[in-house]
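Participant: how does the following fold in three dimensions:
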Amino acid sequence: MPDIATIGAALSSLKTATDIAKFLRASDFNLKKAELKLKMADLVSALAEAKMELVDVQEEILEKDKVITELKEAFESKDQLVRRYDAYYEADSNGAPVGISYCLRCWEGDHKKRQLVCDSKDRMNRTCTSCGQRYEGRRSSEIIPPKEPES
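Facilitator: Numbering: from 1, shown residues only. Predicted coordinates for the structure are as follows:
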């Protein structure tokens with residue numbers, strides 16, 4: 001949820017704009033042209049300020065929604081990953097690790113599945129595509145599932 005100050009500022013700007021609009025509607029048309037222009041400028045300014053504040057609120061809400069979505073995905077993946085040596089893997093139907101390896105640090109620290117790839121400088125090691133953490137290749141290599149016997 002956006003902070004109270006941002007919402008308060010947006011509501012305050014809208015209240016000011018509403019008050020100015022009520023004043024213009026209630027006043028007789030004997031106002032001088034300059035005074036009318038001043039009130040209209042105040043109205044436009046208050047509405048612009050309210051719009052900017054509401055855009056900030058919308059951005060914060062979108063950011064929070066993104067975080068919530070990431071956390072939901074991590075929560076749903078929690079039981080699907082199993083640790084083997086220095087990496088996490090998808091679990092097969094028996095609960096055994098299989099497939100590509102995921103970064104131990106990223107999963108345990110941020111709950112994000114980040115794939116490990118072969119290091120371009122040292123083919124014996126694997127590196128996280130996100131945090132750059134390096135792992136010994138034989139302890140974090142891809143696990144190919146055993147082939148099922150043909151019937």
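Participant: check the secondary structure at residue 70 for me.
Facilitator: At residue 70, secondary structure determined by DSSP: H, G, I helix; E, B strand; the rest coil is helix.
Participant: tell me the pLDDT at it?
Facilitator: On the pLDDT scale, residue 70 is placed at 82.
Participant: repeat for the one 10 residues further on
Facilitator: On pLDDT, residue 80 comes in at 80.
Participant: can you pull the domain assignment for this protein?
Facilitator: Taking automatic domain parsing as the criterion, the chain consists of the domains 4-77, 81-139.
Participant: which one of those lies nearest to residue 146?
Facilitator: With Cβ to Cβ as the criterion, residue 146 lies closest to domain 81-139 of the domains of the chain, at 9.1 Å. (Each C-beta comes from the backbone N, C-alpha and C, glycine too.)
Participant: list the contacts of stretch 139-151.
Facilitator: 84-87, 89, 92, 97-101, 104, 116, 126 (Cβ atoms under 8 Å, 6 or more residues apart in numbering).
Participant: switch the cut-off to 6 Å
Facilitator: Residues lying outside stretch 139-151 but in contact with it, judged by Cβ atoms under 6 Å, 6 or more residues apart in numbering, are 85-87, 89, 97-98, 100-101, 116, 126.
Participant: from those, which would you call buried?
Facilitator: Among the contacts of stretch 139-151, those scoring as buried are 86-87, 89, 97-98, 101, 116, 126 (criterion: 16 or more other Cβ atoms under 10 Å).
Participant: any low-confidence regions in this structure?
Facilitator: Confidence mapping of the chain against pLDDT under 70 gives the ranges 1-4, 25-31, 77-79, 149-151.
Participant: centroid-nearest residue for it?
Facilitator: residue 66 (3.2 Å; Cα atoms, centre = their mean).
Participant: would you turn the domains of the chain into a markdown table with distance to residue 146?
Facilitator: Below are these laid out as a markdown table (distance: least, Cβ to Cβ, whole Å):
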| stretch | distance to residue 146 |
| --- | --- |
| domain 4-77 | 24 |
| domain 81-139 | 9 |
